[in-house]
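**Student:** pasting the structure only:
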Ligand code: ASN
C-alpha cells in the first residue's frame, strides 16, 4: 500500500483508497524497448504533483498483475470487490483506475456484487497514457478523486454508488458503455442522465444519484456464474450458428441482442431454437442492439413471438449490464430459473427503468 503525501495526509478526516488495475492510464513510453510499458504507480506524485494539494488523504493499492482491461475476467471483478469489502470500513471512498475497454463491464459487475453500497466507488482511466503530453489521465484522475471525496451538506457522500468518471461526465456504472475509441469522450449512458458534469465547478445531478441509506448493512457477494453468452443477431444468421451456440455444454443463459425495440426473425426454425432452449431451462434475455431506447416485447409481431417463447425482456439494459446481471443472478440463485427471470425484470441497482 502506498500512502501519498497530500495536504491532508497527516490527520485527514477523509480518506480515499485508489485501486490501480492497469489500462492505458499508467503507460509510459520506454525508449529502450520502443513500446508502452506500465509505469511505477509509486511515482504518481511526480507525474501529477497537483495531487499533493488535495485536502483528503489518498492511499494506493496496486494489483499484483496489471491488466489491459481486455484481459479482465470475472475473477478480476471478484478480486476488486473483495479488496473493497476488506477496506470498506477503513476508507470513505474508492477510486478504481481501470482500462477503458471493459470498464463498463467491471462497473456493472461491481454494482451487482455490492449489496447496500453506501460509499462512492468511482472508476476512471484514460484514452492517452499518463506519459503522453496531451494525456487525459490527469484531469480524469483528479476529478474522479474529488467526486469520490465530495460530501453533501450533512457530510454524507455525494455519490454513494458505482460510477464512471470520464471526460467531464460522471455516469452510473451499470448504465455506461464505451462508445468511442479515438476521441476523449469514451463513455456515454444513453438511457440514463449523467450523475455529474465537471466544468469550473462539479455540478451534481442530484435527483438521479442513488440516495444515501445507512440503515442496511453493506456486504459483498462472492459468486458469479460465467456460463453465459451474448449472441448478436444479424440478417443471415443460420440455423447451424444458432444450434451450435445453444448446444454449448453447461450454458445457462443467453443475452440475445435483437433489433430495434427487441425484434427478431419470425422464421419457424429460429423460434423453435429459442423455444427448445427455454424448455431446457436456459434463460434468454432480450436486449436491443440500439444504444438508446428500450425493448418493448410484443409491440411488433416480430417480438410478440419472443414473449411466447419465454424470453425475458431486458427493457433498457445495456449488454454490459445484462451479461453481468445474468452472471450475478445465476451465481446467486443457481437453478431457480423462476427467481432469476423475476429478478432480471427488476431494477436491482438502478440498471434499468
Ligand atoms: N486497451 C486499454 C485497456 O482497456 C484501453 C484504454 O485503457 N484506453 O486497458
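**Tutor:** Okay, I see it. Predicted, not measured: the structure shown is a model, and the values here were computed from it.
**Student:** Give me every residue in the chain lying close to the ligand.
**Tutor:** Contact residues, the chain versus the ligand (C-beta under 6 Å from any ligand atom): 23-24, 68-70, 99-101, 125, 127. Every residue, glycine included, has its C-beta placed from N, CA and C.
**Student:** how close does residue 59 get to the ligand?
**Tutor:** Remark: distance between residue 59 and the ligand (C-beta to the nearest ligand atom, to the nearest Å) = 23 Å.
**Student:** Can you check my assumption that that residue lies in a strand?
**Tutor:** Yes. Residue 59 forms part of a strand when assessed by DSSP: H, G, I helix; E, B strand; the rest coil.
**Student:** What is the burial count for it?
**Tutor:** A count of nearby residues for residue 59, using other C-beta atoms under 10 Å, gives 17.
**Student:** Identify the bridge partners of it.
**Tutor:** Bridge pairing for residue 59 (DSSP bridges) gives the partners residue 3, residue 17.
**Student:** thought it was touching residue 4?
**Tutor:** Yes. Using C-beta atoms under 8 Å, residue 59 is in contact with residue 4, at 7.2 Å.
**Student:** circling back: and of the residues of the chain next to the ligand, the nearest to the ligand?
**Tutor:** Set against the ligand, the nearest of the residues of the chain next to the ligand by C-beta to the nearest ligand atom is residue 99 (1.9 Å).
**Student:** re earlier: is it possible to mark the buried ones in the residues of the chain next to the ligand?
**Tutor:** With neighbours counted by 16 or more other C-beta atoms under 10 Å, those contain buried members at 23-24, 69, 99-101, 125, 127.
**Student:** helix, strand or coil for the closest residue to residue 230 other than its chain neighbours?
**Tutor:** Leaving aside its sequence neighbours, residue 230 sits nearest to residue 255 (C-beta to C-beta, 6 or more residues apart in numbering; 4.6 Å). When classified by three-state DSSP, residue 255 comes out as strand.
**Student:** ok, the residue nearest the centre of the chain - contacts?
**Tutor:** Most central in the chain under C-alpha atoms, centre = their mean is residue 107, positioned 2.1 Å from the mean C-alpha point. Listed by C-beta atoms under 8 Å, 6 or more residues apart in numbering, the contact set of residue 107 reads 123, 162-164, 173-174, 176, 320.
**Student:** let's see it at 10 Å
**Tutor:** 77, 96, 98, 121-123, 161-164, 171-176, 187, 320-321, 324 (C-beta atoms under 10 Å, 6 or more residues apart in numbering).
**Student:** circling back to that earlier point, for the residues of the chain next to the ligand, give me CSV that also has secondary structure, distance to residue 291 and pLDDT.
**Tutor:** Output for those, formatted as CSV (DSSP: H, G, I helix; E, B strand; the rest coil; distance: C-beta to C-beta, whole Å; pLDDT from 0 to 100):
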residue, secondary structure, distance to residue 291, pLDDT
23, coil, 23, 94
24, helix, 23, 94
68, coil, 24, 92
69, helix, 20, 95
70, helix, 21, 95
99, coil, 21, 97
100, coil, 17, 98
101, coil, 17, 97
125, coil, 20, 98
127, coil, 19, 97
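**Student:** List the contacts of stretch 335-345.
**Tutor:** By C-beta under 10 Å, 6+ apart, the residues outside stretch 335-345 that reach it are 252-253, 278, 281-285, 310-315, 317, 322, 325-326, 328-330, 332-334, 352.
**Student:** Please indicate which of the residues you listed are buried?
**Tutor:** For the contacts of stretch 335-345, a burial check counting by 16+ other C-beta under 10 Å picks out 252-253, 278, 282-285, 310-315, 317, 322, 325-326, 328-330, 332-333, 352.
**Student:** Find the closest residue to the ligand in the stretch 151-300 of the chain.
**Tutor:** Of all residues in the stretch 151-300 of the chain, residue 186 sits closest to the ligand, at 7.1 Å by C-beta to the nearest ligand atom.
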